[in-house]
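**Student:** here are the coordinates; sequence isn't available:
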């Protein structure tokens, strides 16, 4: 089953075409990594997929339900605010700089959305939240505030916050770019564990070795287009496009 | 007249000062939030004035026939027209740009001079509270705005992805963080307000300062003025102490 489907996505910032006719689909249980140089449009693609940016053209479909559908001229027409809020329940996003709510404890950061938005029972959510914290190795931090945590710990809390909504698909926007190499390892381990549990994920990353090891499918983007995509081993170790080879050259040296 | 009598009489005046102070805060603080919303409003009723094609023409700066390009430029300005924001900007600049004393006189006597409406004796007090509340709302609005705009955009994005509505985002995520950030400048305003209440003398409202002036004139003595100064000083010390406590209460996070 396709969890996410994007067809012919176009996005412009002013005159600048950031995404040109991007199409991709993500199957349930699939882990897709998006790699590419800075400014290639990969973060913008993720922001369009998570409804933080609006596409100018193309379809955006979650589990068969369109969040945006192209009209005859190809222009994206979005669903109503209410429908979009329902669709948002299907996905989670982990940000580069965590974006935890600083005035909430770790536990409340994780619990508020499922209770408030998901309308679920508080005790039930709390149990799950504590279980998630245990899984992230942060059981003792439930009552801490974000500023008391290291970057790696904050990022693990933000992953727990996203998971608490029980998303069908989880997006990561350069989840380790704000972390030092040691803390990066922590986060990559968590994502690897999620992959082992067949969590459907789309990861924008600069960690090539990690992308190769954790994902089934890799997309290489440059200049707003998908230059090359395929099985991860294939794309990283045996790229066919010149642009991909040049980009990965540094990694293979 | 001995010191005790002076203090007793001044205390009578102080009660009115205190009443004016409290009422001003009660009305101006929420009103300031409304004004801040208006000031930040991006509502532009004519934003449809420019088609996508015309926008891209403008950006590319390509050479249109002169008459047509003038039309497009004109309509772009119409498209940028944000009436609520504009009205709030004008109101705020008037309220901050003219003396509060003058505003008090206008509110109190304006209805009579402009429309010939003569109002009851009660009106003077209502006019005072109205004048103070509106003036302070303008200052609070700008403080709130700076606080709201200083919240990182990532907070909005995180809330949006989790499915928070706009009002849930504001009430639960943005507002509490704003309060913490605006507390120091709000304290400044509150302390200024304590002293500004003395401007009520222009409407002969028998608050602390007016009382002190009267006693001083009657007794030909400076002591009542010093005593009044002591009242203001002590009151402000208490205000500063309370605000500091509130700041401490909110220091559990960064």
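**Tutor:** Yep, it's here. Computed from a predicted structure; not experimentally measured.
**Student:** what residue ranges in the chain score low on pLDDT?
**Tutor:** Defaulting to chain A. Filtered on pLDDT under 70, chain A yields the residue ranges A:253.
**Student:** wait, chain B was what I had in mind.
**Tutor:** Low-confidence segments of chain B, defined by pLDDT under 70, are located at B:47-68.
**Student:** up against chain A, what does it have?
**Tutor:** In this structure, chain B approaches chain A at residues B:56, B:59-60, B:152, B:154-155, B:157-158, B:160-165, B:168, B:172-173, B:176-177, B:180, B:252-254, judged by Cβ under 8 Å from any Cβ of the partner chain. Every residue, glycine included, has its C-beta placed from N, CA and C.
**Student:** just the buried ones from these?
**Tutor:** B:155, B:157-158, B:160-164, B:168, B:172-173, B:177, B:180, B:253 (16 or more other Cβ atoms under 10 Å in any protein chain shown).
**Student:** now, which of those lie within helices?
**Tutor:** Among those, DSSP state H puts B:155, B:157, B:158, B:160, B:161, B:162, B:168, B:177, B:180 in helices.
**Student:** list the contacts of the fifth one.
**Tutor:** Residue B:161 makes contact with A:50, A:51, A:52, A:88, A:91, A:92, A:93, according to Cβ atoms under 8 Å, 6 or more residues apart in numbering or on different chains.
**Student:** so the nearest residue to the first one once chain neighbours are set aside, which state does it fall into?
**Tutor:** With sequence-adjacent residues excluded and distances taken as Cβ to Cβ, 6 or more residues apart in numbering or on different chains, residue A:50 is closest to residue A:93, at 4.7 Å. Remark: residue A:93 carries the secondary structure label strand [criterion: DSSP: H, G, I helix; E, B strand; the rest coil].
**Student:** does residue A:93 have beta-bridge partners, and which?
**Tutor:** With beta bridges defined as DSSP bridges, residue A:93 has these partners: residue A:171.
**Student:** list the buried residues in stretch B:140-156.
**Tutor:** B:140, B:141, B:142, B:143, B:144, B:145, B:147, B:148, B:151, B:155, B:156.
**Student:** specify which member of the contacts of residue B:161 is nearest to residue A:196.
**Tutor:** Each of the contacts of residue B:161 was scored against residue A:196 by Cβ to Cβ, and residue A:92 proved nearest at 17.9 Å.
**Student:** for chain B, see how far away that closest one is.
**Tutor:** When Cβ to the nearest Cβ, to the nearest Å is applied, the distance between residue A:92 and chain B equals 7 Å.
**Student:** OK, contacts around that residue?
**Tutor:** A:161, A:162, A:163, A:165, A:167, A:169, A:170, A:171, B:161, B:162.
**Student:** surely the fourth one is in contact with residue A:113?
**Tutor:** Put plainly, it is residue A:165. Yes. Under the criterion of Cβ atoms under 8 Å, residue A:165 lies in contact with residue A:113, with a separation of 5.8 Å.
**Student:** so what sits against both of the two?
**Tutor:** Overlap of the contact sets of residue A:165 and residue A:113 (by Cβ under 8 Å, 6+ apart) consists of B:162, B:163.
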